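Asks: can't give you the sequence, but here's the structure:
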């Protein structure tokens, strides 16, 4: 019973953790762009904006890979049914 409750809490903690991570990355980039744009007028902030686009693309890739990994974990059965186990044994022999 305790392990089941712990697993449910773990799933919500993953969602909250990923949300805070994404928020922190996006917010930090916005603060950098705002600060640099406030100090310098035109051309100097452009590399930081390009960097933010790259960071956004990497974040999208990381989150999609993590989502794919978690979906594979959730959809993989933890046990084999007896029929498929017998077939694998027969093929091995």
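Replies: Here it is on my side, so go on. The structure displayed is predicted, hence computed values, not measured ones.

Asks: centre of the chain versus stretch 68-79, how much separation?
Replies: 15 Å (Cα atoms, centre = their mean, to the nearest Å).

Asks: The residue nearest to the spatial centre of the chain: what's it in contact with?
Replies: The residue lying closest to the centre of the chain (Cα atoms, centre = their mean) is residue 63, at 2.9 Å. By Cβ atoms under 8 Å, 6 or more residues apart in numbering, the contact set of residue 63 is 18, 22. C-beta coordinates here come from the backbone N, C-alpha and C atoms, glycine included.

Asks: how far is the helix or strand it falls within from where the chain is centred?
Replies: Using DSSP states H and E, residue 63 falls within helix 46-75. Put simply, helix 46-75 sits 7 Å off its chain's centre (Cα atoms, centre = their mean).

Asks: how about residue 36, secondary structure?
Replies: Three-state assignment for residue 36 (DSSP: H, G, I helix; E, B strand; the rest coil): helix.

Asks: pretty sure it is touching residue 45, no?
Replies: Yes. Counting by Cβ atoms under 8 Å, residue 36 touches residue 45, with 4.7 Å between them.

Asks: Neighbour count: the two, which is higher?
Replies: Set side by side, residue 36 and residue 45 show more neighbours around residue 45, with 19 against 15, by other Cβ atoms under 10 Å.
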